[in-house]
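**Q** just to be clear, the model below is a prediction. Sequence and coordinates:
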Amino acid sequence: MYAHHDVTQEKFRRYLEGMLDHEKWRPAALTAEHSFAQMAGLTGGKPLRLSTSRYRGTIGAAPRGIGDVFFRTGLIVSITNIREPRSPEDRYGLEVLEYSPAARRASLRKSILVGIVAEEEVDAEELLKDFLQAFEEQVSTQSKSDIPLKWEPVELESPRLEKLLEKLTPEGAATRFSNPDLGEEAVEGADVLGVRANRELLRELSEAGFGREADILSRRGEKREEVQAALTHLAAAGLTHAEFLLACKATSAPLARFPTAEETQTGPIAAVRCGKCSRTYSQELLSEGYSVSDLGRSLAQGSHWMTVWVTKRLVNLGIPLSSIVWNLEDSGEEVDIIIEFMSKLWIFELKDREFGPGDAHPFNYRRVRYGADQAFVITTDKVSADAKRVFGDLASDQSGRTRTKPPTMIEGLENVEKEIRKHLELAAYQRAVEALMMPSMMVGFALDTVIAEWVPSSSLPSNLVRHTGDFALY
């Protein structure tokens, strides 16, 4: 957030010094500076002189007073005074502003810029409000008058997905896509189909049109109990519905299917006679079976259940539905799921079978065509060795230069949420490091060390370069 407030660096420093004894919000760099002066036996509270006039790229050489950072558990708040370049401090402030993502979104000269990086479970909005109130009190105290600061948010996100859809869907274009629909019945059905035995049985029923329970169980042998459980799960989720098959006693030929057994025993249907044996329908063979419901057909078609299943996991991980698009199709190229996260585009290819070499080239083309920053292949089976070889060939040319890195390949559903979480956490960490570049340069300490403690080590790649020069690079 920022507020227009044209104040000298000297006066801004007095604002910060006024917070040295604050109960909750103490400027960390200024506190360290005062502690250094006390240990050195310096008196008078004068600011320390810099050991060098070379500001850029010199650890500990940032001009004190242009800003500071404040720590709370799981939270870092930074504050910076941005001015027209009238002094070395002002010029340095503009230099470090180049490293802030906020600089690309708003005109910040003659402003006080406040940023916050926090763990997900921290109530960052409430704590930021509390910090701003504490800072405004110091502004009023040091200025000896009420100076209203109107804080405006800085929108850091770039609407990549929105811009892509606008680009692909001009008037008259054939591009198609759909917004995610996570209805309760669809989610429950997708969860049931996440079990291999359930979806295999649904696929069998879909191909046959109808299956008698006795026939289904008799063909399974030792797996009879597993299949019985699958029948129960499919019916409970509304993916199948029970029907009753009427067959001729003489020939076993099917005559008709009815939603209830009672229909064959009452009313005019009971009196209808079979054309083969002359018995009435009420006297013929009746057996219970199952057919696929409308919900079951919609989830089975094109393995749509996987789209619902994966989307539900994305939502569980914090991706809003407004940042997710299904079945983006343009010029015959279709992406199952595309999302926007941290101003980056992520695409997902879903396969309820083995992902083969014939799938690899088209998928790689789509990721390049749509400008995806991250790509995932999720299969209920395996990614074949030949497909992995194709991705390896596409990753580098003959000179060994990287072209498109292989996608993240997730085989089986049991690790999907865990793997996606790991990549989301890394992306959020990298975005936070970017946001902390400016305050790191301002106070002379690499603040990414602090937030690295917030992220599970399993989410950070082993080849992560902690520090290159003065600040973290990736």
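**A** On my side now, so go ahead.
**Q** residue 12: neighbour count?
**A** Neighbourhood size, residue 12 [other Cβ atoms under 10 Å]: 24. All C-beta atoms are positioned from the backbone trio N, CA, C, and that covers glycine.
**Q** how about the one 4 residues further on?
**A** Neighbour count for residue 16, taken as other Cβ under 10 Å: 24.
**Q** same thing with residue 68?
**A** Look at residue 68: counted by other Cβ under 10 Å, it has 27 neighbours.
**Q** please enumerate the helices of the stretch 1-150 of the chain.
**A** 9-17, 28-39, 88-97, 124-143 (DSSP state H, counting those that start in this stretch).
**Q** before we move on, which element is the residue of the chain most remote from its centre in?
**A** For the chain, the residue at maximal distance from the C-alpha centroid (Cα atoms, centre = their mean) is residue 278, at 64.7 Å. In this structure, residue 278 sits in neither a helix nor a strand according to DSSP states H and E.
**Q** per-residue pLDDT of it, please?
**A** pLDDT for residue 278: 83.
**Q** let me know the secondary structure of residue 328.
**A** When classified by DSSP: H, G, I helix; E, B strand; the rest coil, residue 328 comes out as strand.
**Q** ok, now which ones touch it?
**A** Taking Cβ atoms under 8 Å, 6 or more residues apart in numbering, we find residue 328 in contact with 165, 168, 175, 176, 177, 334, 335, 338, 370.
**Q** any idea how far residue 181 is from it?
**A** 15 Å (Cβ to Cβ, to the nearest Å).
**Q** what's the answer for residue 309, then?
**A** For residue 309 relative to residue 181 (Cβ to Cβ), the value is 13 Å.
**Q** same question for residue 282.
**A** Separation of residue 282 from residue 181 (Cβ to Cβ) stands at 44 Å.
**Q** out of the two, which sits in the more crowded spot?
**A** Neighbours were counted for residue 282 and for residue 181 using other Cβ under 10 Å; residue 282 has more, 15 against 12.
**Q** quick check: the more buried one vs residue 268, distance?
**A** 11 Å.
**Q** what of residue 331?
**A** Computed as Cβ to Cβ, the residue 331 to residue 268 distance reads 56 Å.
**Q** the two: which has the busier surroundings?
**A** For residue 331 versus residue 268, neighbours defined as other Cβ under 10 Å are more numerous around residue 331 (10 against 7).
**Q** the more buried one: what's it in contact with?
**A** Residues in contact with residue 331 (Cβ under 8 Å, 6+ apart) are residue 174.
**Q** on that earlier part again, and the helices of the stretch 1-150 of the chain: which comes nearest residue 301?
**A** helix 124-143 (42.3 Å; Cβ to Cβ).
**Q** in the stretch 201-350 of the chain, which spans are strands?
**A** Counting by DSSP state E, counting those that start in this stretch, the stretch 201-350 of the chain has strands at residues 211-212, 240-247, 254-258, 285-292, 324-330, 333-341, 344-351.
**Q** kindly reformat those as a markdown table containing distance to residue 126.
**A** Compiled in a markdown table, the strands of the stretch 201-350 of the chain are given as follows (distance: least, Cβ to Cβ, whole Å):
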| stretch | distance to residue 126 |
| --- | --- |
| strand 211-212 | 57 |
| strand 240-247 | 49 |
| strand 254-258 | 60 |
| strand 285-292 | 50 |
| strand 324-330 | 28 |
| strand 333-341 | 24 |
| strand 344-351 | 28 |
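**Q** of all the ones you listed, which one is nearest residue 274?
**A** Per Cβ to Cβ, nearest to residue 274 of the strands of the stretch 201-350 of the chain: strand 254-258, 6.4 Å.
**Q** so how many other residues sit close to residue 411?
**A** By the measure other Cβ under 10 Å, the count of residues near residue 411 is 16.
**Q** just residue 86 next, same as before
**A** Residues near residue 86, counting by other Cβ under 10 Å: 10.
**Q** what about it, distance to residue 110?
**A** Residue 86 sits 11 Å away from residue 110, going by Cβ to Cβ.
**Q** same thing with residue 210?
**A** Going from residue 210 to residue 110 by Cβ to Cβ gives 75 Å.
**Q** and residue 121, by the same measure?
**A** Look at residue 121 and residue 110: by Cβ to Cβ, they are 36 Å apart.
**Q** higher neighbour count, the two?
**A** Counted by other Cβ under 10 Å, residue 121 and residue 110 do not tie: residue 110 has more neighbours, with 13 against 8.
**Q** spit out the contact partners of the more buried one.
**A** Shown in contact with residue 110 (Cβ under 8 Å, 6+ apart): 4, 5, 6, 82, 83, 84.
**Q** any weak-confidence spans in this structure?
**A** 44-65, 105-106, 171-173, 397-402, 461-474 (pLDDT under 70).
**Q** find the centremost residue of it, please.
**A** The residue lying closest to the centre of the chain (Cα atoms, centre = their mean) is residue 319, at 4.4 Å.
**Q** wait, that one touches residue 339, no?
**A** Yes. Under the criterion of Cβ atoms under 8 Å, residue 319 makes contact with residue 339 at 5.7 Å.
**Q** how many other residues sit next to residue 275?
**A** Counted with other Cβ under 10 Å, residue 275 comes out at 9.
**Q** repeat for residue 234
**A** 26.
**Q** separation between it and residue 189?
**A** According to Cβ to Cβ, residue 234 stands 9 Å off from residue 189.
**Q** so what sits against both of the two?
**A** By Cβ under 8 Å, 6+ apart, residue 234 and residue 189 have these common neighbours: residue 296.
**Q** which of the residues in stretch 72-88 are buried?
**A** Going by neighbour count (16 or more other Cβ atoms under 10 Å), the buried part of stretch 72-88 is 72, 74, 75, 76, 77, 78, 79, 80, 81, 82, 83.
**Q** tell me which entries of those lie within strands.
**A** Judged by DSSP state E, strands contain the following of the buried residues of stretch 72-88: 72, 75, 76, 77, 78, 79, 80, 81, 82.
**Q** now the residue lying closest to the fifth one once chain neighbours are set aside: which helix or strand?
**A** If I follow you right, that is residue 78. Among residues not flanking residue 78 along the chain, residue 439 sits closest, at 3.6 Å (Cβ to Cβ, 6 or more residues apart in numbering). Here residue 439 sits within helix 416-443, counting by DSSP H and E.
**Q** if we can go back for a sec, what is in contact with residue 309 and residue 181 at once?
**A** Residues touching both residue 309 and residue 181 (Cβ under 8 Å, 6+ apart): none.
**Q** picking that back up, so which of the strands of the stretch 201-350 of the chain comes closest to residue 92?
**A** Among the strands of the stretch 201-350 of the chain, strand 344-351 comes nearest to residue 92, with 30.7 Å by Cβ to Cβ.
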